[in-house]
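Engineer: Got a predicted model here, sequence first, then my questions.
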Amino acid sequence: MKKHNNKFFIIIVPICIILILAMIFYDRYQTSQLAKKYNDTNNQTTQVSSNNDLATIYCVGDSLTLGTNDVTSYPDYLKESLKNDIEIIGDNHINSQALAIKLGNQDVYVNNFTIPSDTNAVSITLLNENGEVIDALINSQTGIESCIINNIAGTISYDSNSNQLLFKRLEAGDSSMITTLTKIEITKPEILNDNILILFTGSYEESIQGSLVNYQKQIIDSFNTDKYIVVSLTMDNHDATNNLLANTYGEHYLDFKNYLLTNGLNDAKITATSEDQMALANNSVPSSLLIDDINGNNYYHQLLANQLINKMHELGYIN
């Protein structure tokens, strides 16, 4: 009987050990599969969340786009409300012709100067195809970030002390004497496809109305998009220009000034002062929304961002 029990024990114990080991390995297999599935799911979520299929919004203009002093600009308010990438192109006092030049959509030339062999800056004058002076960049106190003159790469900057444009080559080399009308090859900024353009220019124009429209059309062409919004001027005495903009751009036109006159203070939750009431009576933007004759304060920029978002929804540019 004892021998029989020993045989039984010898047979049963190994079988039990095998079953226990099998259960342990199976449990580990199931755990590893579950972990793999979890990791795969996590990786897919990360990939989707990092893939931004939304259109880039380009905000193009002057100080009303860049903001001034401690004022938060409307592009910053757009960033707070939208998931789209927001890009800003412009300069504080830039006019529309200077913008068209910087974007490479208006040909400019130089003549009668020498590019030195070293990298010292040299004064230049911009000309049109007829050799006539173009003051757009000087009036706008801006330059060109990257360009080529007579096969020499460099930059053009504005010098406030001399009120001149200066060309500075990137690398030393042979000097080059320019004795004929020579076109400046301007490096165009990289513009992404399927973009949205918000164009707010004209505040620093010496001549507006028709000239503004012509330069704005050149700027719009640079972005190769049919998704664009042109914002009205909000300064005094520009009603004729705004009417032309409205007739030119139709549904693409945002009449921001009229909105400020009718609903601006109310939507900003501001009680009109006597000065505001006087401004409204004269068809002027209330001073409670401005910091000077041209530039708006934080209320102004927040209201503009809200109106642009509404307009982009209306036009189907954003969901």
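Structural biologist: Cool, the structure landed. Numbering: from 1, shown residues only.
Engineer: ok but residue 308 is inside a helix, no?
Structural biologist: Yes. According to DSSP: H, G, I helix; E, B strand; the rest coil, residue 308 belongs to a helix.
Engineer: thinking it is in contact with residue 252, fair?
Structural biologist: No. The criterion here is Cβ atoms under 8 Å, and residue 308 misses it with residue 252 at 11.9 Å. Where C-beta positions appear, they are placed from N, C-alpha and C, glycine not excepted.
Engineer: The two: who's more crowded?
Structural biologist: residue 308 (27 against 18; other Cβ atoms under 10 Å).
Engineer: where exactly do the strands run in the stretch 1-150 of the chain?
Structural biologist: Taking DSSP state E, counting those that start in this stretch as the criterion, the stretch 1-150 of the chain contains strands spanning 57-61, 86-90, 109-110, 113-115, 122-124, 144-149.
Engineer: Return the residues in contact with the most centrally placed residue in the chain.
Structural biologist: For the chain, the residue sitting closest to the mean C-alpha position, by Cα atoms, centre = their mean, is residue 87 at 2.1 Å. Listed by Cβ atoms under 8 Å, 6 or more residues apart in numbering, the contact set of residue 87 reads 56-59.
Engineer: Could you dump those into CSV with neighbour count added?
Structural biologist: Compiled in CSV, these are given as follows (neighbours: other Cβ atoms under 10 Å):
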residue, neighbour count
56, 16
57, 24
58, 24
59, 25
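Engineer: Would you convert the residues you listed into a markdown table that also reports distance to residue 176 and pLDDT?
Structural biologist: Listed next are the contacts of residue 87 as a markdown table, based on distance: Cβ to Cβ, whole Å; pLDDT from 0 to 100:
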| residue | distance to residue 176 | pLDDT |
| --- | --- | --- |
| 56 | 38 | 96 |
| 57 | 41 | 97 |
| 58 | 35 | 97 |
| 59 | 38 | 98 |
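Engineer: now, among those residues, which is nearest to residue 122?
Structural biologist: When those are compared for distance to residue 122, the smallest value, 32.7 Å, is given by residue 58; criterion: Cβ to Cβ.
Engineer: If the closest one is in a bridge, with which residues?
Structural biologist: As for beta bridges, residue 58 partners with residue 87, residue 197 under DSSP bridges.
Engineer: just checking, it touches residue 191?
Structural biologist: Yes. With contacts counted by Cβ under 8 Å, residue 58 reaches residue 191, the gap being 7.2 Å.
Engineer: what's the overlap in contacts for those two?
Structural biologist: Where contact means Cβ under 8 Å, 6+ apart, the residues bridging residue 58 and residue 191 through contact with each are residue 223.
Engineer: about what we covered before: any idea which of the strands of the stretch 1-150 of the chain gets closest to residue 236?
Structural biologist: strand 57-61 (18.8 Å).
Engineer: ok, back up a step: I'd like the distance between the residue nearest to the centre of the chain and residue 165.
Structural biologist: Look at residue 87 and residue 165: by Cβ to Cβ, to the nearest Å, they are 25 Å apart.
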